[in-house]
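**Q** structure of the sequence below:
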Amino acid sequence: MLDITSMPQRMFKLEGTFQGFLGDNFKKPKFIILEVEQEQVVIKLPKELRPYARSTLNVGDRLYCVGRSQVDLQAGVVKLRAHQVFFLTPSEMSETPVSATVEAAARIAQEQHACHAPKRQRSKILVCNKSGCQKRGGREMIAELEQVLQAYQLEDQVEIRHTRCQKRCSKAPNLTVMPGKHCYEKINPKDLSALVEEHFCQSTS
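**A** Here you go, the predicted structure:
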């Protein structure tokens, strides 16, 4: 039976002015209030940013948030959950990750233990470059995948690599996520945001 109480999740990108926090936990606020085009919206923060949010964000900061939205028809609200939050500088309006502050704090803690982890292997998404797969939706899938990676600021961390025939032509369009060799077949471009979040984004719940 169709669940009419909620709608499928969709990706959102919002730019606005930080107004304050919401939530019962003072040290680790779950939500921020963002003013977007003279309207206030509430956005749920990623877990990894919550411990540092109060010491990092100041009222009036210009922020750029990327995440997932879902319409709850029963409650009559749109729920916004951020995956990434960026500072926007007034001059160039260039995006600087708020997570950089979190990483700096974590790096100090790591240095105290003299711990040096090896560099993480760059992730890859393998897509078939043969004409058969391209005609069966491969071109559209790759175009959408490029946009999703750009929206999540992952284009420098995740490489789209074109390959020879992957022997799955009848199930095109398909792709393989590396490392791990996770294979996906008959991909719907609308599902790529969720796929990217699952493999390359930390949990925000």
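
**Q** show me the helices in the protein, by range?
**A** Using DSSP state H, the helices found in the chain span residues 53-56, 99-112, 131-133, 139-151, 192-200.

**Q** going by mean pLDDT, which of the ones you listed comes out lowest?
**A** Mean pLDDT is lowest for helix 99-112 among the helices of the chain, at a mean of 48.

**Q** low-confidence stretches in the chain?
**A** Residues of the chain meeting the criterion pLDDT under 70: 1-9, 90-121, 202-205.

**Q** the strands in it, which residues?
**A** With DSSP state E as the criterion, the chain has strands at 10-22, 31-36, 39-44, 62-72, 77-88, 95-97, 123-128, 158-163, 175-178, 182-184.

**Q** residue contacts, G138?
**A** V127, C128, A172, P173 (C-beta atoms under 8 Å, 6 or more residues apart in numbering). Bear in mind the C-beta positions are built from the backbone N, C-alpha and C, glycine included.

**Q** would you confirm that the first one contacts R164?
**A** Okay, so that is V127. No. The pair V127 and R164 fails to qualify as a contact (C-beta atoms under 8 Å) at a distance of 11.1 Å.

**Q** higher neighbour count, the two?
**A** Taking other C-beta atoms under 10 Å, V127 and R164 do not tie; V127 has more neighbours (22 against 8).

**Q** ok, the closest residue to the more buried one other than its chain neighbours to H162 distance?
**A** Spatial nearest neighbour of V127, excluding adjacent residues (C-beta to C-beta, 6 or more residues apart in numbering): L175 at 5.0 Å. Counting by C-beta to C-beta, to the nearest Å, the gap from L175 to H162 is 11 Å.

**Q** the more surrounded of the two?
**A** Counted by other C-beta under 10 Å, L175 and H162 do not tie: L175 has more neighbours, with 26 against 12.

**Q** hmm, that one is touching I125, no?
**A** Yes. At 5.5 Å, L175 counts as touching I125 under the criterion of C-beta under 8 Å.

**Q** what do the two both touch?
**A** What both L175 and I125 touch, as defined by C-beta under 8 Å, 6+ apart, is the set L145.

**Q** can you check which of the strands of the chain gets nearest to V196?
**A** V196 lies closest, by C-beta to C-beta, to one member of these: strand 158-163, at 7.8 Å.
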